[in-house]
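> Turn this into a model:
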Amino acid sequence: MSTEYLPLLLAVAPVFLTVGAGWGIRRVGWLSAAADTSLLRVVVNLLFPCLILDTLLGNRALDQPGNLLLAPAVGFGTVALGYALSYLAAPLFGVREPRQRRTFAFTAGIFNYGYIPLPLIQKLFDHGDQRTSAVLFTHNIGVEIALWTVGILLVSGASPRRAWRHLFNAPVVTILLAVALHFSGARGWLPGFALETVHRLGAAAIPLGLILTGATFADQMRELNFKANAADSLGACLLRLGLLPLLMLALARWLPGPIELRQVILVQAAMPCAVMPVILSKHYGGDPATALRLILATSAVAVLTMPFWLQLGLRWIAP
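Prediction:
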C-alpha cells in the first residue's frame, strides 16, 4: 500500500495545481474580487447542474435499488453526522462566535467527495468495470443533498421558517430532475447535441470551481494567523482526520451492504475537508478565513493520515 501512495498523490496533483492557478491569477490581477459573485452564480446555477445531469443520466448504478437508495442515504448520513458532531465540539476548541462556529461545523463536517477520492478509488478498486466509481457517484447524491440543504442551512444561520429559500436550490432540484429523467430513458431520447452541450458545460464546473477556490485562498491567506487560531485547526484535524474516520470505518466494517459501497466509505473516511466550503461560506454569510484555515490544515495533515486510515480500512473490510 505504501509503495502505491506516491502515484496516488500525483493523480490528484492537477487539483492542487488548478487551485494554485486561481491563486496566481488573483495575485496578478487577472481575476478581480468583483467578478467572484457572478462567476459563483454561474458555477452553482449552470455548470454544477450540468455536471450532475451528465453524471447521472444513463448511469447503470442507478438501476440497482441498493445503490440508488442505500448509497445516497449513507452519503447524506455521514455528512449530517459530521456537521452535528463538529457543531457540538466547536466550543471545545474555542470556537464560540456564532458565524465562526457555523463555518467550523460546515467545513470540518464534510469530506472531500470528488477531487481526491475518485482517483484513489480507480487505483485501488476499479479493475476495468468501474463499479466502485459508479457507487461513488450515487453515494455523492446524498452528499450533495446534505451539502446544499443541511450545510447551507447551517452556514447561513437561517431560521427554519426561511429554510425553504436555501433547500430549493439549483443543485438539489437538478439531482431530483436527473433521477426522474434517468428512469424515463432520457439518455436515449434527448438530442445528441443537447447531451453534448450539457457534457461540455459540466466539464467546466470543477475547474472553474477550483479556480474560484484558489482566488479566495489568495484573498484570505493575507489574513491567516495559524498561531493565533491553532485551536480550531487542531480541532478540525482531530474531528475530520481522527474521530470521524473511526466512526466511518466502523460503518464500513459492519454495514450490511455491497462491498463497493463499503469501499467508498473506506476511502471517504480518509479524506480531508472538502474545498467548496471556502467559497460557499463566502456566498452564504459564513467566515471564509475560518473555512480556509481548516481546509489547509486538514489537507496538509491528511498527507500523513491517509495511508494509515486506508490500510486500516482495507484490513477491516477484507472478506
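> from the middle of its chain, how far away would stretch 249-268 be?
The chain centroid and the centroid of stretch 249-268 are separated by 18 Å, computed with C-alpha atoms, centre = their mean, to the nearest Å.
> show me what contacts L224?
Taking C-beta atoms under 8 Å, 6 or more residues apart in numbering, we find L224 in contact with 289, 292-293, 296. C-beta: built from backbone N, CA, C; applies to glycine.
> I'd guess it is in a helix, am I close?
No. With DSSP: H, G, I helix; E, B strand; the rest coil as the criterion, L224 is assigned coil and is not in a helix.
> ok, now which ones touch A89?
235, 239.
> Buried ones in the helix or strand containing it, by neighbour count?
Here A89, judged by DSSP states H and E, is contained in helix 65-89. Buried residues in helix 65-89, counted by 16 or more other C-beta atoms under 10 Å: 67-68, 70-72, 74-76, 78-83, 85-87, 89.
> Report the separation between N112 and V15.
Look at N112 and V15: by C-beta to C-beta, to the nearest Å, they are 9 Å apart.
> More neighbours: those two, which one.
More crowded of N112 and V15, by other C-beta atoms under 10 Å: N112, with 23 against 19.
> Report pLDDT for the more buried one.
What the model reports as pLDDT for N112 is 92.
> mind checking how far it is from F16?
Taken as C-beta to C-beta, the span from N112 to F16 is 12 Å.
> coming back round to it: let's see which of the contacts of L224 end up in helices.
289, 292-293, 296 (DSSP state H).
> Kindly present the residues you listed as JSON lines, with separate columns for neighbour count and distance to L201.
Output for those, formatted as JSON lines (neighbours: other C-beta atoms under 10 Å; distance: C-beta to C-beta, whole Å):
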{"residue": "A289", "neighbour count": "22", "distance to L201": "31"}
{"residue": "L292", "neighbour count": "26", "distance to L201": "28"}
{"residue": "R293", "neighbour count": "26", "distance to L201": "32"}
{"residue": "L296", "neighbour count": "21", "distance to L201": "30"}
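> coming back round to it: including distance to F137 and pLDDT, could the contacts of L224 go into a markdown table?
Compiled in a markdown table, the contacts of L224 are given as follows (distance: C-beta to C-beta, whole Å; pLDDT from 0 to 100):
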| residue | distance to F137 | pLDDT |
| --- | --- | --- |
| A289 | 32 | 86 |
| L292 | 28 | 88 |
| R293 | 30 | 90 |
| L296 | 27 | 87 |
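> Out of those, flag the one nearest to A146.
L292 (21.3 Å; C-beta to C-beta).
> for the residue nearest to the closest one when sequence neighbours are not counted, what are its contacts?
Leaving aside its sequence neighbours, L292 sits nearest to Q220 (C-beta to C-beta, 6 or more residues apart in numbering; 4.5 Å). Going by C-beta under 8 Å, 6+ apart, Q220 touches 278, 288-289, 292.
> Just checking, which helix or strand of the chain averages the lowest pLDDT?
helix 164-167 (a mean of 62; mean pLDDT, DSSP states H and E).
> which helices and strands sit right next to the next helix-or-strand element following that helix?
Using DSSP H and E, the helix or strand that follows helix 164-167 towards the C-terminus is helix 170-183. Counting contacts by 3 or more C-beta pairs under 8 Å, 6 or more residues apart in numbering; DSSP states H and E, helix 170-183 is packed against helix 48-56, helix 131-146.
> in what helix or strand does R102 lie?
helix 98-108.
> quick one, whichever helix or strand comes after that helix and helix 131-146 angle?
Next along the chain after helix 98-108, taking DSSP H and E as the criterion, comes helix 117-124. Angle of helix 117-124 versus helix 131-146, following axes from the mean of the first three to the mean of the last three C-alpha atoms, to 10 degrees, is 160 degrees.
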